[in-house]
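Enquirer: Okay, here's the prediction I keep looking at, along with the sequence it came from:
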Amino acid sequence: MAYYKKVRDFIVARRAEGKHARRDLYSFVVDIKDPETGEGLRLRDIWSEAAFFVPAGGDTTSTALTAALFYLSRYPECYKRLANEIRNAFTSGVEIRHGTKLSGCTYLRACIDEAMRITPPIATTLWRQLPESDNEQLFVVEGQVIPPGTEVGVNIYTMHHNEEYFPDSYCFKPERWLDESLGRKKLMHDAFTPFSIGSRGCGGKAMAYQEASIAIAKTFWYLDFERPAHDMKADRVGEITQYSGKPELEALDQFASVHRGPNLVFRLRDEARDELFETEKLSYSTILELHS
Ligand code: HEM
């Protein structure tokens, strides 16, 4: 209830600012009219969209980030390669923002994709149903005619672990996304569906990549991180190895994946301490907290 009230408070505050006070999503949709009824957006329409956006965009992106940090903390060679890419591509942390330098960090993108492949933020089966009325065209799957009205779906987690598309599928290998051989590239991209595809595919895909890229690049710029070395219990939170013996971030399918952990130790990089204080305007106490 507190969440729904908070969303409502946000909307009321935004409406009070005037339609075009900010160039945000609200300013783009506020004048839209229903083509059939001519009605504009009601408070409850905006409320239900906004209430959906927070988990749709928040829980999912948070799992993608968590998974990336989890796998990078377990694969030191990948960690090193990504740290080099980020620390050589930029000259300061504030420079890390949307643009060609960030999109040129191809290993970063490969790490995000590989994390979402092994641990999809939505790992479930997105069921689809052929309408009862649509009986002109047969729907055939592997030689079987699927009658209209039947629900069908392919599980995203299973698809991402199909060895035919992703050999050694439980292994975190960002390099596989940089493989230039055309046949393999197409096969992998066709089978990679963390955002779903088609007309109901994710509306926030570009935003999700942007958020995740900036967050991870800034993390590598300002910080180093690792597993807690001496406390094995803390180190194992959220980790399973049951399918392949390889470390996997456990995610429970509750439509959006729910996870615990990992526990990681973050340390401020000496090279970035002054800059963090001066340019990101963080207080000394926050920096000390990060460093302790
Ligand atoms: C890594 C991050 C994300 C992942 C993996 C993801 C994944 C998905 C998936 C699989 C669907 C299809 C759901 C279905 O068919 O039932 C979807 C739909 C959607 N997503 Fe995302 N999403 C992410 C981030 C975001 C963000 C940042 C936003 C916007 C703030 C967003 C907005 C939406 C919307 C509006 C839909 C519904 C599209 C429609 O039905 O027309 N998503 N997302």
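Expert: The structure has been received and is ready for your questions. Nothing here was measured: the structure is a model prediction, and the numbers come from that model.
Enquirer: What is the burial count for residue 268?
Expert: 17 (other Cβ atoms under 10 Å). C-beta coordinates here come from the backbone N, C-alpha and C atoms, glycine included.
Enquirer: Just the pLDDT at it, thanks.
Expert: At residue 268, the model reports a pLDDT of 94.
Enquirer: Could you report the distance from it to residue 215?
Expert: 16 Å (Cβ to Cβ, to the nearest Å).
Enquirer: again, but for residue 39
Expert: For residue 39, the distance to residue 215 - Cβ to Cβ - is 39 Å.
Enquirer: the more surrounded of the two?
Expert: residue 215 (17 against 9).
Enquirer: Now do stretch 216-230: distance to the chain's middle.
Expert: 18 Å (Cα atoms, centre = their mean, to the nearest Å).
Enquirer: Can you name the residues in contact with that stretch?
Expert: Defining contact as Cβ atoms under 8 Å, 6 or more residues apart in numbering, one finds that stretch 216-230 is touched by 65, 68-69, 73-74, 82-83, 86-87, 90, 93, 96, 102, 105, 108, 111-112, 234-235, 262-269, 272, 276, 290.
Enquirer: separation between residue 252 and residue 240?
Expert: 11 Å.
Enquirer: Comparing those two, which residue is more hemmed in?
Expert: Higher neighbour count among residue 252 and residue 240: residue 240, with 13 against 10, using other Cβ under 10 Å.
Enquirer: For that one, which non-adjacent residue is closest in space?
Expert: Distances taken as Cβ to Cβ, 6 or more residues apart in numbering put residue 250 closest to residue 240, at 4.5 Å, once the chain neighbours are dropped.
Enquirer: Tell me how many other residues crowd the closest residue to the ligand within the chain.
Expert: For the chain and the ligand, the shortest gap (Cβ to the nearest ligand atom) falls at residue 204, measuring 2.0 Å. By other Cβ under 10 Å, 15 other residues sit near residue 204.
Enquirer: try the one 5 residues further on
Expert: Using other Cβ under 10 Å, residue 209 has 21 other residues around it.
Enquirer: One more: residue 150?
Expert: Considering only other Cβ under 10 Å, residue 150 is surrounded by 13 other residues.
Enquirer: got the contact list for residue 190?
Expert: By Cβ under 8 Å, 6+ apart, the neighbours of residue 190 are residue 165.
Enquirer: Equivalent analysis for residue 252, please.
Expert: Shown in contact with residue 252 (Cβ under 8 Å, 6+ apart): 258-259.
Enquirer: what bridges to it?
Expert: Beta bridges link residue 252 to residue 258, judged by DSSP bridges.
Enquirer: If we ignore the residues flanking it in sequence, what's nearest the residue of the chain closest to the ligand?
Expert: Closest to residue 204 by Cβ to Cβ, 6+ apart is residue 57, at 5.1 Å.
Enquirer: again with residue 272
Expert: residue 222 is the one closest to residue 272 (Cβ to Cβ, 6+ apart), at 4.5 Å.
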